[in-house]
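> any chance you could fold what I've pasted below:
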Amino acid sequence: MKRHYALLLVALMALTAGTAHAITREQLAQYASSLKGKKKAELKTALYQLMNNGKRVLSYGLGNAGTWWGFYVTDRDPETNQVINRYSSDVFYFGKRGEAPAGMNIEHSFPKSWWGGTQNQAYKDLYNLYPSASKANGEKGNYPMDVVTDATSEEVGYDKVGKGRSTDKAWEPGDRYKGDFARGYMYMAVTYSNLTYVKTGLQTMEDNASGYPGMKTWATTLYRQWSKHDKVDSLEVARNNAVWGIQNNRNLFVDYPNLAEYVWGDSVDVAFNPANAITTATNDNRYGSFNPPTPPTPPTPDDSTEVAVGYVFAKLQGTLPTAGKRYLMVAGTGSGLYAAKPVALANGKKFGYLYTEGVMDEDGKIRLTSDNDAYTLEEANGGFYIKDSQGRYYYQEGTYSSFTPTTSLADADVWHATANADGTYTLKATDSGNIIMYSGQFKSFGNYAANKQDGNLLPYLYEERKEAAGIEAPSLTTTVGNPAVYTLQGVRVAKPTLPGVYIRGGKKFVVK
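Down below sits the predicted model:
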């Protein structure tokens with residue numbers, strides 16, 4: 001028995017050395033070949049079989065080949081040893097591999113009480129487990145994941161708990177993790193559809209979970225919506241690959257970000273083809289630009305309603321920012337553009353990061369209905385002071401990579417701006433030399449040491465421009481050409497001839 005355990009441990013260590021378990025589009029299509037031609041209920045059953053095939057879970061808890069041993073690979077920043085905490089802003093660090101950082105628990109997305117308490121594979125599955133601060137873990141309890149309409153506890157940018165929109169009491173993750181958790185819930189609902197759910201679990205799952213749809217309609221609708229709005233990013237892909245290296249199975253809702261639509265959504269009547277479907281594989285660059293947000297419908301020529309211009313910001317192209325003007329700091333990621341929001345202080349903390357919200361560039365301009373994300377660059381000796389929309393200046397305290405807001409210019413940092421050849425800007429603190437960069441891992445802007453640019457993104461700057469509002473409707477005579485037509489699998493077609501759902505100009509249409 002000891003020899004068997006030792007061999008298992010050696011095998012797991014070999015698999016989890018680093019996170020280099022990336023998968024190509026071709027390898028993924030081969031892995032998921034059993035899904036070809038399936039749709040709706042049949043596809044759900046095929047997914048259940050595939051995501052359980054060869055699955056091996058770690059033992060639960062501490063020690064070698066235990067949950068925390070796995071978290072060391074799946075939820076650790078290898079540069080700093082910091083725990084990736086999705087539930088709160090509390091910061092923790094890993095010690096020895098297999099040990100739990102003080103003040104942290106193992107958080108279950110699907111609590112074991114949902115199926116009666118059995119400590120089965122679902123209880124130990126890393127796709128169901130994340131490290132969490134003990135306090136956040138206790139507040140979340142065994143509640144379903146839903147939109148919280150009346151919060152009893154909340155940390156800005158992270159969890160909120162309270163009355164659910166479709167459930168009794170519920171928890172709601174922060175915006176930047178909604179898609180991550182939604183894809184995790186869909187994985188659990190399918191992979192463990194063989195379980196009998198009881199009590200609180202029946203608020204999310206159907207009484208016959210192995211049947212179709214298996215999950216309540218409110219849940220499949222909400223989770224698909226969250227999955228579309230918070231797209232798969234590099235952090236989630238890396239975790240999926242790392243868990244695959246440990247458990248020998250993949251969360252295919254991460255690999256195929258539109259997969260849920262074939263199971264429960266707008267494509268249930270379309271046969272799934274893993275060879276053509278859009279993926280998050282290393283050599284597939286279609287995801288992110290495939291289905292951009294649809295711009296607002298312009299008023300018709302005879303509409304006499306006043307056109308609300310709001311706030312317009314134009315992209316700076318190589319010129320230095322101007323003192324006294326307002327700017328957006330925008331990160332360009334593979335899944336879209338994200339503008340920095342002001343620091344949101346919570347739980348008595350005096351510092352924070354610049355979390356983001358999605359924005360859309362139309363012909364080099366970003367239009368917003370609020371100026372909350374605008375930063376004024378005020379003149380300073382040797383550079384600029386950065387002032388947010390709440391009238392606060394920012395500085396860095398000690399060696400932290402966070403920002404501390406202040407109303408005192410005496411405390412504020414001075415930032416030097418440099419235009420880069422790729423259109424981004426380097427905003428460097430003149431005292432520490434730290435640079436404002438977007439971390440795809442933490443989905444926020446921080447100010448990091450210059451030697452930590454690998455993997456982090458420098459911001460684009462968009463300068464506020466004044467555009468007159470009026471009642472004149474925009475011209476509708478601009479030639480837009482003939483937008484290309486794509487299948488839901490991302491294949492471009494000259495003319496849709498077969499029945500199914502297609503995409504043209506970012507909008508879906510049906511050919512019968």
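
> quick one, what contacts residue 393?
Residue 393 makes contacts with 385-387, 405-409, 411-413, as judged by Cβ atoms under 8 Å, 6 or more residues apart in numbering. Every residue, glycine included, has its C-beta placed from N, CA and C.

> just the buried residues from those residues, in ChimeraX please.
With 16 or more other Cβ atoms under 10 Å as the burial test, the buried ones among those are selected in ChimeraX as follows:
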select :385,386,387,405,406,412,413
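
> among the contacts of residue 393, which are in strands?
Among the contacts of residue 393, the subset assigned to strands under DSSP state E consists of 385-387, 405-406.

> can you redo those as CSV with pLDDT and distance to residue 181?
Supplementary listing: these in CSV, determined by pLDDT from 0 to 100; distance: Cβ to Cβ, whole Å:
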residue, pLDDT, distance to residue 181
385, 94, 38
386, 96, 32
387, 95, 35
405, 94, 29
406, 92, 34
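
> run a quick neighbour tally on residue 431.
11 (other Cβ atoms under 10 Å).

> same thing with residue 191?
Applying other Cβ under 10 Å, I find that residue 191 has 25 neighbouring residues.

> next, the residue lying closest to it once chain neighbours are set aside: secondary structure please.
Nearest non-adjacent residue to residue 191, counting by Cβ to Cβ, 6 or more residues apart in numbering: residue 51, 4.6 Å away. Secondary structure of residue 51, reduced to three states by DSSP: H, G, I helix; E, B strand; the rest coil: helix.

> need the contact list for residue 51.
Contact partners of residue 51, counting by Cβ under 8 Å, 6+ apart, are 187, 190-191, 249-252.

> show me where the stretch 1-150 of the chain has strands.
104-108, 129-133, 148-154 (DSSP state E, counting those that start in this stretch).

> to residue 225, which of these lies closest?
strand 148-154 (15.2 Å; Cβ to Cβ).

> thought residue 333 was touching residue 235?
No. In terms of Cβ atoms under 8 Å, residue 333 does not count as a neighbour of residue 235; the distance is 10.9 Å.

> what is in contact with the two at once?
When contacts are counted by Cβ under 8 Å, 6+ apart, residue 333 and residue 235 are jointly contacted by residue 440.

> give me the phi and psi for the nearest residue to residue 256 once chain neighbours are set aside.
When the adjacent residues along the chain are set aside, residue 256 lies closest to residue 277, with 5.2 Å between them (Cβ to Cβ, 6+ apart). Per-residue torsions, residue 277: phi -60, psi 150 (degrees, to the nearest 10).

> and for residue 242?
Backbone geometry at residue 242, expressed as degrees, to the nearest 10, gives phi -70, psi -40.

> could you pull up the contacting residues of residue 384?
The contact partners of residue 384, by Cβ under 8 Å, 6+ apart, come to 321, 323, 377-378, 414-417.

> can you read off the pLDDT for it?
Reported pLDDT at residue 384 in the predicted model: 93.

> gap between it and residue 277?
For residue 384, the distance to residue 277 (Cβ to Cβ, to the nearest Å) stands at 46 Å.

> what of residue 185?
The span separating residue 185 from residue 277 equals 21 Å under the rule Cβ to Cβ.

> just to revisit the earlier point, just the buried ones from the contacts of residue 51?
187, 190-191, 249-252.

> surely residue 194 is within a helix?
No. Residue 194 sits outside any helix when classified using three-state DSSP, being coil.

> give the full set of residues in contact with it.
Residues touching residue 194, when contacts are defined by Cβ under 8 Å, 6+ apart, comprise 48, 209-210.

> drop anything exposed from these.
Judged by neighbour count, with buriedness set by 16+ other Cβ under 10 Å, the buried members of these are 48, 209.

> show me which of the contacts of residue 194 is closest to residue 105.
The nearest member of the contacts of residue 194 to residue 105, counting by Cβ to Cβ, is residue 209 at 26.2 Å.

> got the buried residues for the helix or strand containing residue 357?
When elements are assigned from DSSP states H and E, residue 357 belongs to strand 354-359. Along strand 354-359, the positions that meet the burial threshold by neighbour count (16+ other Cβ under 10 Å) are 354-356, 359.

> and of those residues, the nearest to residue 75?
Relative to residue 75, and with distances defined as Cβ to Cβ, the nearest of these is residue 355, at 19.2 Å.

> how much space between the closest one and residue 401?
Distance, residue 355 to residue 401, using Cβ to Cβ: 14 Å.

> can you check the distance spanned by stretch 258-272, start to finish?
Terminal residues of stretch 258-272 lie 10 Å apart, using Cα to Cα, to the nearest Å.

> contacts for it?
The list of residues contacting stretch 258-272 from outside it, by Cβ under 8 Å, 6+ apart, reads 35-40, 43-44, 47, 183, 186, 190, 213, 215, 220-221, 223-224, 227, 252-253, 277-278, 488, 500-501, 508.

> buried ones among those residues?
Buried subset of these (neighbour count, 16+ other Cβ under 10 Å): 35, 38-40, 43-44, 47, 183, 186, 190, 213, 215, 220, 223-224, 227, 252-253, 277-278, 488, 500-501.

> next step: those restricted to helices.
Per DSSP state H, helices hold the following members of those: 40, 43-44, 47, 183, 186, 190, 220, 223-224, 227, 252-253.

> among the residues you listed, which two are most distant?
Of all pairs drawn from those, the one with the longest distance (Cβ to Cβ) is 40 and 183, at 19.0 Å.

> can you map out the strands along the stretch 251-400 of the chain?
Using DSSP E, counting those that start in this stretch, the strands assigned to the stretch 251-400 of the chain run over residues 311-315, 326-333, 336-340, 354-359, 361-362, 365-368, 375-380, 383-387, 393-395.

> any idea how far the fourth one is from the chain center?
It stands for strand 354-359. Using Cα atoms, centre = their mean, to the nearest Å, the distance from the centre of strand 354-359 to the centre of the chain it belongs to is 11 Å.

> alpha carbons of it, as PDB, please.
Included here for strand 354-359 are C-alpha records, laid out as PDB according to Å, rounded to 0.1, in the frame of the first residue of the first chain:
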ATOM      1  CA  LEU A 354      -7.600  49.700  -9.400                       C
ATOM      2  CA  TYR A 355     -10.100  47.100 -10.500                       C
ATOM      3  CA  THR A 356     -11.700  47.400 -13.900                       C
ATOM      4  CA  GLU A 357     -14.800  47.400 -16.000                       C
ATOM      5  CA  GLY A 358     -15.100  46.500 -19.700                       C
ATOM      6  CA  VAL A 359     -15.200  49.300 -22.300                       C
END
